[in-house]
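**Student:** no FASTA, just this:
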């Protein structure tokens, strides 16, 4: 990977991270105003599907949308995790606070990412957990916790 690619990827992922709390606040607010977190989630997924379909059409990827016996079933389950996240954050963020909700999302992401990388799960690149990595993750968790403390 070139430095240019790494910088581009890091920037895109940073912006994605910026968007997660915004998504939580906006969809939580929509759910509260509609009186239904589930209705807000349906609206979000409907718009997301239209955008994804437009992207597939523009890139010529519409023909690649299919279920295939050659693809292990677990690779189709990502949507379950996205749906769980969106529904949970839409319901919980307005009641628990966006910052608190995202704090626990971040802790879960750090733990899950470390396990996936350590074992190379789902075909991911393998990066074993060592003492430095554990210390880094612990510092990240402590930093996010300190940033969220009030009073």
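**Tutor:** Good, I have the coordinates. Every value quoted in this text rests on a predicted model; they were computed, and no experiment measured them.
**Student:** what comes up buried for the biggest helix by length in the chain?
**Tutor:** For the chain, the helix with the greatest residue count under DSSP state H is helix 3-34. By neighbour count on 16 or more other Cβ atoms under 10 Å, the buried set for helix 3-34 is 20-21, 23-28, 30-32. To be clear about C-beta, it is placed using only N, CA and C from the backbone, and glycine gets the same treatment.
**Student:** export the residues you listed to a markdown table and tack on distance to residue 62 and pLDDT?
**Tutor:** As requested, the buried residues of helix 3-34 are exported to a markdown table (distance: Cβ to Cβ, whole Å; pLDDT from 0 to 100):
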| residue | distance to residue 62 | pLDDT |
| --- | --- | --- |
| 20 | 28 | 92 |
| 21 | 32 | 91 |
| 23 | 26 | 94 |
| 24 | 31 | 93 |
| 25 | 33 | 93 |
| 26 | 28 | 95 |
| 27 | 27 | 94 |
| 28 | 33 | 94 |
| 30 | 29 | 96 |
| 31 | 31 | 95 |
| 32 | 36 | 94 |
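**Student:** and which of these is nearest to residue 81?
**Tutor:** Nearest to residue 81 among these is residue 20, at 13.5 Å by Cβ to Cβ.
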